[in-house]
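coords please:
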Amino acid sequence: MGLVVSRQLLLVQQGSDQICEDFVNPGPDNRNQRSGKNKNNLKTKKNQTNNLAGKQSPSANSGSEKPNSKKPNSKKPDSKKLSSRKPSNKELSDKGKRGAQKLGVWLAQKTLEPDIVLCTRSPVARVTAEKLVKAMGADTRLIKEVDLSANGELVWKKIARAIPRKAKRVMVVGGKTEVKGVLSRLLGDSGAKKAALKSASLAIVSGLSGWSARSSDEINLKKVIHSKKLPDGFPYPHPDGAERRLRPAYYYRQSSVIPYRIENGRVQILLVASSSMKHWVVPKGIHEPGLSSAESAAMEALEEAGIEGEVHKKALGHYEYNKWGGRCRVVVYAIKVESIIPEKKWQESHRGRRWCLPEDATRMVRQRELIGMIRKLVAKVTSR
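As a prediction, this is how the structure comes out:
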C-alpha cells in the first residue's frame, strides 16, 4: 500500500469592499460613461491634459496616435485582458488590500505557498487573490477563476475539477457565502461556524487524502488567521526582514520604460501625463512578482501608455526616490513602439499621450534623472 500524502486547503475570505466610484454601466448606451462625480472628473482630466500640452513647446505630434498595422510580439502582455472583465460597482477597499497583503506575507513566512489559487469570478475576489499572491512573492499566473455560485456538493465538485492532480496545497478565494459553503461541505455546519471567518481572513484545512474529499478522510480545521490580528507594516527586504515598511517589499522595486519610434529619420519620445495630470512622465510601476524587470516594464507600457513593442534587453539605467516611508529603486528600459491601442480601448486614455522630439522631452519630463537616459537612448538608436 502506497504512502498517502495529505493535501492542504487554504480558504481565504475576500477583503472588505467599497462602492467603485468609477463604475461603468454595462448597458449598450453607457459603455464609455462613468457615474456621478467621476464622469465630471474624467472631463476635467481631459482638459488638464490639453492645458498641460498647451503649456509646452511644439513637439513632434501632440495628437493621439492611430494603431500601427504591425502586429505586436506574441510574448507581450495581452491588451484584450485589460478590458475583458465584467463591470462591477464594487472594488476592494484599501483596508481589504492591506489585509490580503498581510495574509500573503504570513504565508510566505510559514512557507505555505499554494500550488494553485482558485478565485470566484468577482473583481473583489480577484484583486484579493492578486494582492495576496504578490505579497508572497509569487506569480499571479497561479490564479485561476472558477464559478463558485453553487452550494454544497456541487461547488466542491467545481473546485475539485479545477485542481491539477499533482497539487498538494490549494488556495480558494471567495466571498463570505462561497467560503462558508466550502467549509460546511468539508467540516460540517458546526465546523464552519467554529472557523468564523471575517473579511481578509484565512482558514487552513488539513487531512485531505485527495481532492475528492472522501468521508473517510480525517479532515480538520488546522488554523484560522485574521489579518487584523497580524502585525502592522510589512517586513523588508524579505518576509523575515527586520525592517518594517508601509507596503510589501515588492512595492519598492519598480520598472519603467522610455517609449520611442523613428519617424522621417528622427527619434521621437512618447510621454504621458502623470496620474495627477500635472506633469509629463514615462510609464512606470511596481515590478510584478514572477516577471522579469523587462517584462514588468512592458506591462507598464501597455497599461499606462497603451502601447506594445520590443523592450531592449539591457536597461538604460536606474534611479531612486522616496515613497511609502522607504526608498524605491526604478530600473529604466527603452521600448520601440510597434503598436498603439486606440483611445477607446485604452483604459487610462484620460491621461493623454504626446510624441515629442528628444530635445523637447528632456525639457518636459518631470523626473530629471531621465534626461541622461533619453540622450543615451537617442545616441544608441541613431548610431546603428
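
mind giving me the domain split of this protein?
The chain resolves into domains spanning 7-18+88-232, 59-74+248-382 when parsed by automatic domain parsing.

can I get those in CSV with mean neighbour count?
C-beta coordinates here come from the backbone N, C-alpha and C atoms, glycine included. As requested, these are exported to CSV (neighbours: other Cβ atoms under 10 Å):
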stretch, mean neighbour count
domain 7-18+88-232, 19
domain 59-74+248-382, 19
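
His238: which of those domains is closest?
domain 59-74+248-382 (6.4 Å; Cβ to Cβ).

for Pro231, what are its contacts?
Pro231 makes contact with Lys102, Arg244, according to Cβ atoms under 8 Å, 6 or more residues apart in numbering.

go with 6 Å
If a contact means Cβ atoms under 6 Å, 6 or more residues apart in numbering, then Pro231 has no contacts.

Which secondary structure state does it sit in?
coil (DSSP: H, G, I helix; E, B strand; the rest coil).

And the pLDDT at it?
With respect to pLDDT, Pro231 has a value of 94.

Relative to Val105, how far out is it?
Between Pro231 and Val105 the computed distance is 9 Å (Cβ to Cβ, to the nearest Å).

quick one: Asp94 from Trp156, how far?
33 Å.

oh sorry, the question was meant for His318
48 Å.

how about the strands in the stretch 101-250 of the chain?
116-120, 143-146, 169-174, 201-208, 220-226, 234-236, 243-245 (DSSP state E, counting those that start in this stretch).

and the gap between Leu270 and Lys193?
With the distance defined as Cβ to Cβ, Leu270 ends up 56 Å from Lys193.

ok, the helix or strand Ser339 falls within: who's next to it in the sheet?
Element membership for Ser339 (DSSP states H and E) is strand 326-340. If you go by DSSP bridges, strand 326-340 pairs up with strand 253-263 (parallel), strand 307-311 (antiparallel), strand 317-323 (antiparallel).

what does the model give the residue nearest to Asp240 when sequence neighbours are not counted for pLDDT?
Spatial nearest neighbour of Asp240, excluding adjacent residues (Cβ to Cβ, 6 or more residues apart in numbering): Gln109 at 6.4 Å. You'll see Gln109 listed with a pLDDT of 96.

cool, Ile116 as well?
Value for Ile116, per-residue pLDDT: 96.

in the sheet, who's paired with it?
Beta-bridge partners of Ile116, as defined by DSSP bridges: Val170.

show me the contacts for it.
Leu142, Ala167, Val170.

can you list the residues you listed in TSV and add distance to Thr382 and pLDDT?
Output for the contacts of Ile116, formatted as TSV (distance: Cβ to Cβ, whole Å; pLDDT from 0 to 100):
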residue	distance to Thr382	pLDDT
Leu142	43	94
Ala167	52	94
Val170	53	96
